[in-house]
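> Sharing a model prediction with you, sequence too.
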Amino acid sequence: MSQYYKKSNNLFDPKSSAPFKLSRSKIDLFMECPQCFYLDRRLGVGRPPGFPFTLNSAVDALLKKEFDLYRNEEAPHPLTEEFGLEVIPFKHEKMDIWRNTFKGIEYLHEPTNLLITGAIDDVWVNPQGQVIIVDYKATSKTSEVNLDSDWQRGYKRQMEIYQWLFTQNGFDVSPTGYFVYCNGDVGKPIFDKKLEFDIKILPYTGDNSWIPDTLKEIKQCLMSDEIPEMNENCDYCNYRKNAVQAKIKHEKK
């Protein structure tokens, strides 16, 4: 069996008193579908992995390198000046840890004993000393980029969790974060071995008041021996249901 579908590490044990590590993406999974979350974190059966977005990863890596040049100089990036933002990249000894997918910034939520983690893209700081959470996004579309689609609610939750994590770690966090949205321009007459991007900085004012109650719901879900009901809008739940029904029907024949 593929290692991707059956896990044995970092599964929740109701009998354990040790803090349980829970990433930002797993919180989002719970918000999408409690049943898929339970199967993943309690029973070790995760969703099939998606294809890696290597071009997006390349854009992320290049943006980080570029902003780090200005971080080292403690100077504003021309892009933020273009959008009229009085910010500079935040210089901190833990920046590499915060960006590390396997580490990130952490906070132990004592009421649930859940160790919440999240790996950020970037952090800026304004003249008032407030840190600003920044997330990089890459796409290619003919229309202007925005944050108006329903599926982008996950982007907003992501921002809110990062803001919450930094607040819990004692930072003065600006309620407004920014998405650096890179839109690949496919309207050029020739490729000429390069892809050009139109870059927008989109503000988003987060509200992370939902997080504490959601963590309590997650803990209750993990402690239960009952698998949550399927989400009728979940493609994965519907696939599992239809596959089982088709198999039973076929075997009866």
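Alright, I've got the coordinates.

> isn't residue 100 right up against residue 117?
No: contact status for residue 100 versus residue 117: not in contact, 9.9 Å apart, counting by CB atoms under 8 Å. Where C-beta positions appear, they are placed from N, C-alpha and C, glycine not excepted.

> quick one: common contacting residues for those two?
Common neighbours of residue 100 and residue 117 are not found (criterion: CB atoms under 8 Å, 6 or more residues apart in numbering).

> where does this structure have low pLDDT?
For the chain, the stretches flagged by pLDDT under 70 are 1-8.

> and the residue most central in space within it, what does it touch?
Most central in the chain under CA atoms, centre = their mean is residue 158, positioned 4.6 Å from the mean C-alpha point. Applying CB under 8 Å, 6+ apart to residue 158 gives the contacts 24, 28, 118, 135.

> what kind of secondary structure is the second one in?
Each residue gets one of three states, and residue 28 gets helix by DSSP: H, G, I helix; E, B strand; the rest coil.

> just to revisit the earlier point, can I get the contacts of residue 158 in JSON lines including distance to residue 75, secondary structure and neighbour count?
Below are those laid out as JSON lines (distance: CB to CB, whole Å; DSSP: H, G, I helix; E, B strand; the rest coil; neighbours: other CB atoms under 10 Å):
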{"residue": "24", "distance to residue 75": "30", "secondary structure": "helix", "neighbour count": "21"}
{"residue": "28", "distance to residue 75": "34", "secondary structure": "helix", "neighbour count": "16"}
{"residue": "118", "distance to residue 75": "27", "secondary structure": "strand", "neighbour count": "23"}
{"residue": "135", "distance to residue 75": "22", "secondary structure": "strand", "neighbour count": "20"}
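
> Max pairwise distance over the residues you listed: which two?
Maximum pairwise distance in the contacts of residue 158, criterion CB to CB, is 13.2 Å, between 28 and 135.

> still on that earlier bit, so which of the contacts of residue 158 would you say is closest to residue 85?
Of the contacts of residue 158, the one sitting nearest to residue 85 (CB to CB) turns out to be residue 135, at 15.0 Å.
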